[in-house]
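Enquirer: output the structure for:
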Amino acid sequence: TWDARPYPFFPELTGIWTDGPNWRLGHWLTGRLGAVSLAALVRHLCLRAGLYEAFIDVSGLWGAVEGYVIGALESPRASISTLARHFGFDAIETEGMIRFVMRGRASVATLAHDDLVASREGEALELVRAQETELPQALKWQVARTDEDYDAALVEARRITVDTTRIASESFPMAIPPRVRRVRHGFEHPPNERRCRRALMEAWIGRESATFRLPPSRLALDPGDVIRLSHDGREVEFRLVSVADAEARGVEAVRQDRAAYDLPPGDP
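Expert: As a prediction, the model looks like this:
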């Protein structure tokens, strides 16, 4: 449906049009035709890098991008990495192709201590927990608004009960739609605010990392897969970050909590 009411006044002016909240999940084309799917953008960047389309799998991506600027000479990999940090996805080389998958997937296997291969030193599993002072208390993202001449919009996520004062900030060359509200320090956009909270939670949950070795019978496991690791009387989810194949499969993994990927949207 093409709505004759002027966008973005509809759906923003709910005092005039009470059906404004329906726009976000509705069937209106107004305000949406200028966007591109995240999957289509990543595919386009891969094709620009010279990859054949048969080698690209973006079926595991979702989300939309209103605008994306490549403002400097950089590799397509660098452009995709920026998108990956913002939307939360991984690129995996598997089965002869490059596959892109969103994070937060369910576990595909459960491993116990007996399923691991001991190293020459006799250790089968190494767990590392980063210091709290190395992690950010707050994460600030700067993006651009698609209205008002692409002015800067600031999104912030913050943890309160932590013993650190570090603030991490990053600027994304990305445009967001104008469903924003003015807050104390600039502007806030619900989907981007949710992604910023997800990234902050990823940093804190991922402070726990694991290094272990698997037998060749676990060849089906790829980086990006999630496994449940039984250790010390509990099962913990880990996302595989890298796999090195030798006489055994050397695996590096970081902890994952699926709750970080199911955050409710903020109020517009």
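Enquirer: the closest residue to residue 61 other than its chain neighbours: what's it in contact with?
Expert: Setting aside the residues directly before and after it, residue 61 is nearest to residue 39 in space (Cβ to Cβ, 6 or more residues apart in numbering), at 4.2 Å. Heads up, the C-betas are built off the backbone N, CA and C, glycines and all. Neighbouring residues of residue 39 by Cβ atoms under 8 Å, 6 or more residues apart in numbering: 58-59, 61-62, 100.
Enquirer: what is the neighbour count of the closest residue to residue 216 other than its chain neighbours?
Expert: Closest residue in space to residue 216, ignoring its immediate chain neighbours: residue 249 at 6.8 Å, by Cβ to Cβ, 6+ apart. Under the neighbour criterion other Cβ atoms under 10 Å, residue 249 is assigned a count of 19.
Enquirer: hey, what's residue 249 bridged with?
Expert: Partner residues in beta bridges with residue 249, using DSSP bridges, are residue 214, residue 245.
Enquirer: residue contacts, it?
Expert: Contacts for residue 249 were tallied using Cβ under 8 Å, 6+ apart; they are 213-216, 218-219, 221, 243.
Enquirer: buried residues in stretch 38-53, which are they?
Expert: Of the residues in stretch 38-53, those buried under the neighbour-count criterion (16 or more other Cβ atoms under 10 Å) are 38-39, 41-46.
Enquirer: now stretch 22-40
Expert: Neighbour counts using 16+ other Cβ under 10 Å place 23, 28, 30-31, 35, 38-39 of stretch 22-40 among the buried residues.
Enquirer: quick one: least confident of those residues?
Expert: Ranked by pLDDT, these bottom out at residue 31 (79).
Enquirer: count the neighbours of the closest residue to that one other than its chain neighbours for me.
Expert: Take residue 31 and drop its neighbours on the chain: the residue closest to it by Cβ to Cβ, 6+ apart is residue 7, 4.4 Å away. Here the number of neighbours of residue 7 (other Cβ under 10 Å) works out to 17.
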